[in-house]
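Q: Provided below for reference: sequence and predicted model.
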Amino acid sequence: MSDSQDKPFSMLNALWFKPDGGAEKYQEYLAAAHPFMLRYGGSSDRG
């Protein structure tokens with residue numbers, strides 16, 4: 001393992017949602033992924 005894995009990083013997602021429920025599906029994904037992000041020390045500033 002390289003030490004670069006121990007350094008913080010930022011990620012920006014620029015998203016364009018399909019009008020047939022894309023934004024709602026993404027919210028479902030965020031809710032499902034949130035526990036994993038916390039488990040590995042992640043944080044979010046999403047509103």
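A: Cool, the structure landed.

Q: from Lys7, how far out is Asp45?
A: Counting by C-beta to C-beta, to the nearest Å, the separation of Asp45 from Lys7 is 19 Å. Quick note: C-beta positions are derived from backbone N, CA and C, even for glycine.

Q: ok, the spatially most central residue of the chain to Ser43 distance?
A: Centroid-nearest residue in the chain, with C-alpha atoms, centre = their mean: Leu30, separated by 6.3 Å. Distance of Leu30 to Ser43, computed by C-beta to C-beta: 13 Å.

Q: likewise Ala32?
A: 17 Å.

Q: give me the common contacts of Leu30 and Ser43.
A: Common neighbours of Leu30 and Ser43, counting by C-beta atoms under 8 Å, 6 or more residues apart in numbering, are absent.

Q: could you list the low-pLDDT ranges of this protein?
A: Low-confidence segments of the chain, defined by pLDDT under 70, span residues 1-5, 46-47.

Q: where do the helices sit along it?
A: For the chain, the helices defined by DSSP state H cover 22-39.

Q: how many other residues sit next to Tyr26?
A: Neighbours of Tyr26 under the rule other C-beta atoms under 10 Å: 13.

Q: buried residues in stretch 40-47?
A: In terms of neighbour count (16 or more other C-beta atoms under 10 Å), stretch 40-47 has no buried residues at all.

Q: how about that stretch as PDB, C-alpha atoms only?
A: The C-alpha trace of stretch 40-47 is given here as PDB (Å, rounded to 0.1, in the frame of the first residue of the first chain):
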ATOM      1  CA  TYR A  40     -14.300   4.600   6.100                       C
ATOM      2  CA  GLY A  41     -14.000   8.100   7.600                       C
ATOM      3  CA  GLY A  42     -15.700  10.000   4.900                       C
ATOM      4  CA  SER A  43     -17.800  13.100   5.300                       C
ATOM      5  CA  SER A  44     -20.200  15.100   3.100                       C
ATOM      6  CA  ASP A  45     -21.300  18.700   2.900                       C
ATOM      7  CA  ARG A  46     -24.400  17.900   0.800                       C
ATOM      8  CA  GLY A  47     -27.500  19.800   1.600                       C
END
